[in-house]
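S.K.: Okay, predicted coordinates and the sequence, questions at the end:
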Amino acid sequence: MTESELYYLAGKCLVLEERPEFKHQLIQLCKNDLIDWITFIKICSENLVLPAIYLKLRAQKIFDYMPEEVVEHLSEIYELNKKRNIEILHQIKSITALLKAENIVPLYMKGAGNLLDDIYSDVGERVMGDIDFLVPEQDFLTAAVAMLDAGYLSWSDTTKITIRDHQHYPRIYHPDFVADVELHRIPNEYKCDNWFNAKMVLDEKKRAGKDGGCFVESDKHKIIHNFIHSQLDHQGFSLGKVLLRDIYDVYLTSRRISLNDLLPEIKTKKKAIAYFAFTDLVFGAERQIFHKQNFAFQTLKTKRDLNLNSNIFYKTNKALVVGYTNIRYQKGYFGMFIEAFHSKEMRQFIFHKLTSRSFYRKHFKKVQSELSDE
C-alpha cells in the first residue's frame with residue numbers, strides 16, 4: 001500500500017465503530033499481510049493519532065489479527081499519552097486556580113479546551129502539545145506576571161514585552177509540570193478580526209465540562225479556530241498538509257454542530273469548503289457530514305496525496321510556499337515603515353525591533369525551520 005492509501009486507512013480506523021462495513025475489510029487486509037505496519041505507524045505518528053488508533057482497534061478486537069509487536073507498541077504509546085494527559089489536566093487545574101486569585105478566568109483553546117469539554121471518549125485519546133488559553137487583553141500582562149511569579153519560566157527575553165508584539169506571550173514552562181503554556185490575547189495569527197476575534201470567542205464562551213471553574217470555546221468557534229489554525233495560520237492549504245488529528249477534532253465536534261450550518265460564519269469560504277470536504281472524504285460516507293465540494297478541495301486532496309507519495313514534490317512545494325510567504329512578510333514591513341511617518345508608537349516599535357538581536361535570530365531560525373524537514 002502507498003503512503004497515501006495508508007493515510008486514508010488510518011482515517012477509516014478512526015471511525016471504525018461508525019463504519020462497521022470497514023471492519024471486515026480491515027481484518028482481511030491484516031490476514032493477507034497487506035499492511036506495511038512500520039509505514040502505517042510512521043504516518044499515524046506524524047499525524048498525531050497513534051493513541052486514538054490504538055483505542056479504535058482495541059474496541060473492535062482487531063488486535064487478534066495484528067502482529068504482537070505492533071499491538072505492544074501501540075499500547076505503550078497510548079499508556080504514555082494517557083499518563084501525560086492526566087498530568088496536563090492537573091496542570092490546567094493549577095493554572096485556573098492561580099489566575100482566579102487574580103480575578104482572571106482563563107478560556108482554554110484547541111486540544112486543552114477539547115479535553116476539558118469531553119470531546120474525546122478517553123482521556124488518553126488525544127495527543128497534546130502545549131496548553132493554550134485566552135484571557136481578555138486588559139488581563140494579558142497581569143496573567144503573564146502571575147504565571148512567572150508562580151515559577152513559570154520563559155525560553156525568551158520577557159523584559160521588554162509589549163502587547164503589540166505578540167499574539168501570545170512567549171512560550172513558558174514550569175519545571176514541575178509536563179506541558180509548555182501559551183497565554184493568548186488573541187486566538188490566532190491569521191488576520192481575520194472582522195469574522196473571528198478574541199471578543200467573539202469570549203462573548204460566546206461556555207463553561208468547561210470537566211471543570212466549571214474555567215471556560216472553553218463554543219462548539220462553533222472550536223471548528224472555526226481549528227480551520228484557521230490548520231489551514232491559514234500554518235498554511236495547511238498552501239502546503240497540502242492536513243493532520244489527521246486536526247480533522248478528527250473537526251469530525252468529533254461536528255457531532256454537536258453542523259459544518260454546513262457554520263460555513264456562513266467563515267469569510268475564506270473556498271478554503272473552508274476544501275477543508276470540511278476533505279474531512280468528510282476521510283471520515284464521512286457520501287458527503288454525510290459536509291455536503292459541498294469545490295476546486296479548492298480537489299487541489300488540497302491532490303497536494304496532500306502528492307506530499308505523501310513524493311518527497312520531491314513536498315520539498316519543492318514547501319520551498320515555493322515559504323519563499324512566497326517571506327516576500328509577503330517583507331511587504332508588511334514596508335507598510336509599517338509608511339505608518340511610522342505619522343505614528344510615534346510605530347516608530348518606537350520599529351526602533352525596538354531593529355535594535356533587538358532576538359528579532360534577527362527569530363527570523364533566521366523561522367526560515368531555517370520552515371525549510372527543514374518536519
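M.R.: Noted; the coordinates are in hand. Residues are numbered from 1 along each chain as shown.
S.K.: Can you give me the domain assignment for the protein?
M.R.: 1-66, 92-217, 219-309, 312-371 (automatic domain parsing).
S.K.: could I get those domains as TSV with mean neighbour count and distance to residue 73?
M.R.: Glycine gets a C-beta too; all of them are placed from N, C-alpha and C. Below are these laid out as TSV (neighbours: other C-beta atoms under 10 Å; distance: least, C-beta to C-beta, whole Å):
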stretch	mean neighbour count	distance to residue 73
domain 1-66	17	7
domain 92-217	18	15
domain 219-309	19	18
domain 312-371	12	26
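S.K.: These into CSV, with extra columns for mean pLDDT?
M.R.: Below are those laid out as CSV (pLDDT from 0 to 100):
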stretch, mean pLDDT
domain 1-66, 96
domain 92-217, 91
domain 219-309, 95
domain 312-371, 62
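S.K.: Looking at these, spot the one closest to residue 78.
M.R.: With C-beta to C-beta, the closest approach to residue 78 among these belongs to domain 1-66: 4.3 Å.
S.K.: Would you reformat the domains of the chain as CSV and include distance to residue 85?
M.R.: Below are those laid out as CSV (distance: least, C-beta to C-beta, whole Å):
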stretch, distance to residue 85
domain 1-66, 9
domain 92-217, 5
domain 219-309, 13
domain 312-371, 27
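S.K.: Those domains: which one's closest to residue 79?
M.R.: When those are compared by C-beta to C-beta, domain 92-217 sits nearest residue 79, at 7.4 Å.
S.K.: Work out the gap between that closest one and the centre of the chain.
M.R.: In terms of C-alpha atoms, centre = their mean, to the nearest Å, the centre of domain 92-217 is found 14 Å from the chain centre.
S.K.: Give me the distance between the two termini of that domain.
M.R.: End-to-end span of domain 92-217 (C-alpha to C-alpha, to the nearest Å): 15 Å.
S.K.: which SSE is residue 278 in?
M.R.: Using DSSP states H and E, residue 278 maps to helix 269-283.
S.K.: residues in contact with that helix?
M.R.: With contact meaning C-beta atoms under 8 Å, 6 or more residues apart in numbering, helix 269-283 is reached by 8, 11-12, 14-15, 227, 230-232, 236-237, 242, 244, 247-248, 250-251, 254, 259, 263, 266, 287-290, 292-294, 296-297, 299-301, 304.
S.K.: on that earlier part again, residue 86: which of the domains of the chain is closest?
M.R.: Comparing the domains of the chain under C-beta to C-beta, the one sitting nearest is domain 92-217, at 6.2 Å.
S.K.: show me where the stretch 101-250 of the chain has helices.
M.R.: Per DSSP state H, counting those that start in this stretch, the stretch 101-250 of the chain carries helices over the ranges 110-116, 140-149, 198-203, 219-227, 236-239, 244-253.
S.K.: so which of these gets nearest residue 22?
M.R.: Minimum separation from residue 22 across the helices of the stretch 101-250 of the chain (C-beta to C-beta) falls at helix 244-253, 15.0 Å.
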